[in-house]
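>>> this one's sequence-less:
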């Protein structure tokens, strides 16, 4: 009898041991969004989010020791109370107070997008942190040295044990932890979203603005993300020697002067606007589209009217209505979510 | 647990020995089904793929103080680094079928980083190969485009290997670095980094430097043999044909389009020299 019992026990142990290791942690977090959002493109099956992994990613996001002189963290240019846009600088400022060449974009809804940075040079969330870490003007480090540095820090060794069951990480684990924080940065509760869900009434000006948005803006700033994720030349300049934009990545002249269409969500927090932060207000942005669009070889065809004139004509009333609607894309819950704040 | 104990009590007087056998078999079955796929792969034959880096007729020596080598334009040079990815290895059979070595989801298997600095990386230990006769080997120099869309990887593809472009996310397939007195770059360096792939059909203009190489050579895999497939990689070919590379102009290349010519050349650098059976 005893032998039977032991064998049965062993069998059951094997059944238990067979289970996925992931089952040990029950704190899975879902990236929940309203049904009108596009499909998630992030490979979450390779990197399911846990509470502990998310918190480790958050520590890394606010970690100045990821930079060569231990002074610059991601949060220097991406502040949570501004939807992770830059609080003070037109251009990002990195180690030794060096100025970058572009305005830091806000960070949210990354899991639903396939290209990142103004030139789209990164095509997977996991690889986003490598870009600023290795940029000489930003954090000026090598990824191998950053991983080595955090592996030597006792406070990280404890976290690595919790998340990965060992006290040091490889590059995959380092990047996966980072991504667990980044993909949880979801902004989906603006006044607009509440209206979509029948929980909020838009006023007359906002409703008029929405109609105008649909006819004048949504071709590029469409979907629930308020960007189609494409790269376009929106007529800011006649030549692009300062910044070739998308062509830096594709090395194709037809992409010169094109930049990633930015989201319109949380615009109230993310001034200044455009890849080089040249406009301080939404009024300036709309004035640009109305009558300041400049001709060039790669200008987006949507900015050329049937009569050959450039831009998207708008009356002052229309501009004011559009801006009223754009303010309904402000998500106060997102910018005040303490889960995303500096843990220190 | 209690429930199962009850079951045992019920059964205890009947066919006890049969039950014991049954449960033993059940345990064994569960044990086997628990096994990792890796264990299954250990069955089957083995082979070694050797990458023997050379410069013309000479063995490649890194970090020499002088310039021991000369390209086809008569420009002297030395070499300080040679690293490249080998992946997606296949062994082909006479009947046109082939055995494809598995690629693990996290990149830890099936991707190799050959680094001249570390001789152990020039010998790829392959196992789990079905027994039989083979007529050739195919592999990719670089990393297939689909892999980038899987996100962070480990093993040879771990980003801490510093074979990754940060600003234009993608693996650097090959890094050749050295010096030439004719180089106009700072420190008279030669830096030819090759990468570039097309993972997005909406981006047709991207340079695609993923190169597949097929080499012919007959060998057999069976339990008594571990053939060593000796591939010579001639660095001179990187700079020779079909595109002659001039070290005196643009000798520091770090973008996909800039190294299309080097990638086109190095497909000719891999030569199956012989196979030790």
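Received, thanks. In this text the structure is predicted, and so the values were computed from the model without any measurement.
>>> For chain A, tell me whether the strand ranked longest in chain B is touching it.
Using DSSP state E, we find that the single longest strand of chain B is strand B:76-92. No. Residues of strand B:76-92 are not located near chain A by CB under 8 Å from any CB of the partner chain, the shortest gap being 13.4 Å. In short, each C-beta sits where N, CA and C put it, glycine included.
>>> Same question for stretch B:189-206.
Yes. Figure legend: stretch B:189-206 in contact with chain A (CB under 8 Å from any CB); contacting residues B:199-200, B:203, B:205-206.
>>> got the buried residues for that stretch?
In terms of neighbour count (16 or more other CB atoms under 10 Å in any protein chain shown), stretch B:189-206 has its buried residues at B:190-197, B:199, B:203, B:206.
>>> Stretch B:92-109 too?
Neighbour-count burial for stretch B:92-109, counted by 16+ other CB under 10 Å, picks out B:92, B:99, B:101, B:103, B:106-109.
>>> ok, and the closest non-adjacent residue to the spatially most central residue of chain A?
When CA atoms, centre = their mean is applied to chain A, the residue found nearest the centroid is residue A:107 (3.1 Å). Nearest residue to residue A:107 in three dimensions, chain neighbours excluded: residue A:84, at 3.7 Å (CB to CB, 6 or more residues apart in numbering or on different chains).
>>> Please report the distance of the one you found from chain B.
20 Å (CB to the nearest CB, to the nearest Å).
>>> now residue A:191
33 Å.
>>> ditto for residue A:154
20 Å.
>>> Now that residue. Its backbone dihedrals?
When quoted as degrees, to the nearest 10, the phi and psi of residue A:154 stand at phi -60, psi -40.
>>> Tell me, how many residues neighbour it?
8 (other CB atoms under 10 Å in any protein chain shown).
>>> Kindly report the same for residue B:224.
6.
>>> returning to what we had before: just name the closest of the buried residues of stretch B:92-109 to residue A:239, please.
residue B:107 (41.8 Å; CB to CB).
>>> Pretty sure the closest one sits against residue B:151.
No. Using CB atoms under 8 Å, residue B:107 is not in contact with residue B:151; the gap is 9.9 Å.
>>> Please give the number of neighbouring residues around residue A:198.
With other CB under 10 Å as criterion, residue A:198 counts 7.
>>> same question, residue B:216
9.
>>> Excluding chain neighbours, give the residue nearest to it in space.
residue B:136 (4.5 Å).
>>> May I see the buried residues of the helix or strand hosting residue A:214?
Using DSSP states H and E, residue A:214 maps to helix A:204-216. Buried residues in helix A:204-216, defined by neighbour count with 16+ other CB under 10 Å: A:205-210, A:212-213, A:216.
>>> Could you do stretch A:281-291 as well?
A:282, A:285-290.
>>> Which of these sits closest to residue A:98?
residue A:285 (27.7 Å).
>>> That closest one against residue A:272, yeah?
No. Using CB under 8 Å, residue A:285 makes no contact with residue A:272, being 9.5 Å away.
>>> overlap in contacts of those two?
residue A:279 (CB atoms under 8 Å, 6 or more residues apart in numbering or on different chains).
>>> Checking residue B:273 next. Helix, strand or coil?
strand (DSSP: H, G, I helix; E, B strand; the rest coil).
>>> That one: neighbouring residues, count only.
13.
>>> got a list of what it touches?
By CB under 8 Å, 6+ apart, the neighbours of residue B:273 are B:52, B:230-232.
>>> and if you look at residue B:116?
So residue B:116 contacts B:53, B:60, B:62, B:79, B:81-83, B:122 (CB under 8 Å, 6+ apart).
>>> and what of residue A:281?
residue A:271.
>>> Pretty sure residue A:70 sits against residue A:64.
Yes. Residue A:70 sits in contact with residue A:64 when judged by CB under 8 Å, with a separation of 5.4 Å.
>>> Near chain B, which residues of the stretch 51-200 of chain A are found?
A:114, A:121-127, A:130-131, A:133-135, A:142-144, A:147-148, A:170-176, A:179.
>>> Which among those count as buried?
A:114, A:121-127, A:130-131, A:133-135, A:142-143, A:147, A:170-176, A:179.
>>> Filter the residues you listed down to the ones in strands?
Short answer: these have none in strands (DSSP E).
>>> residue ranges for the strands of the stretch 201-344 of chain A, please.
Residue ranges of the strands in the stretch 201-344 of chain A, as given by DSSP state E, counting those that start in this stretch, are A:231-232, A:259-260.
>>> could these go into a markdown table alongside distance to chain B, mean pLDDT and mean neighbour count?
Shown next, in a markdown table, are the strands of the stretch 201-344 of chain A (distance: least, CB to the nearest CB, whole Å; pLDDT from 0 to 100; neighbours: other CB atoms under 10 Å in any protein chain shown):
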| stretch | distance to chain B | mean pLDDT | mean neighbour count |
| --- | --- | --- | --- |
| strand A:231-232 | 9 | 98 | 23 |
| strand A:259-260 | 13 | 98 | 22 |
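>>> Compare those strands and give me the one nearest residue A:46.
Closest among the strands of the stretch 201-344 of chain A, using CB to CB: strand A:259-260, at 24.2 Å.
>>> What is the closest one packed up against?
Under the contact definition 3 or more CB pairs under 8 Å, 6 or more residues apart in numbering or on different chains; DSSP states H and E, strand A:259-260 sits against strand A:231-232.
>>> Remind me what the strand it packs on packs against, helices and strands.
By 3+ CB pairs under 8 Å, 6+ apart, strand A:231-232 packs against strand A:259-260.
>>> Okay, now the sheet partners of the strand it packs on, with direction.
strand A:231-232 (antiparallel) (DSSP bridges).
>>> what residues does the strand it pairs with touch?
Contacts of strand A:231-232 (CB under 8 Å, 6+ apart): A:115, A:119-120, A:220, A:245-246, A:255, A:258-261, A:300, A:302.
>>> Sketch out the helices for the stretch 151-300 of chain A, chain order is fine.
Taking DSSP state H, counting those that start in this stretch to define them, one finds helices in the stretch 151-300 of chain A at A:154-164, A:171-182, A:191-196, A:204-216, A:247-250, A:282-287.
>>> Between the ones you listed, which one is closest to residue B:272.
Closest approach to residue B:272 among those is made by helix A:171-182 (33.0 Å; CB to CB).
>>> For that closest one, give the mean pLDDT please.
Mean pLDDT, computed over helix A:171-182, is 98.
>>> which strands and helices sit next to that helix?
Helix A:171-182 packs on helix A:51-61, helix A:143-151, helix A:154-164, going by 3+ CB pairs under 8 Å, 6+ apart.
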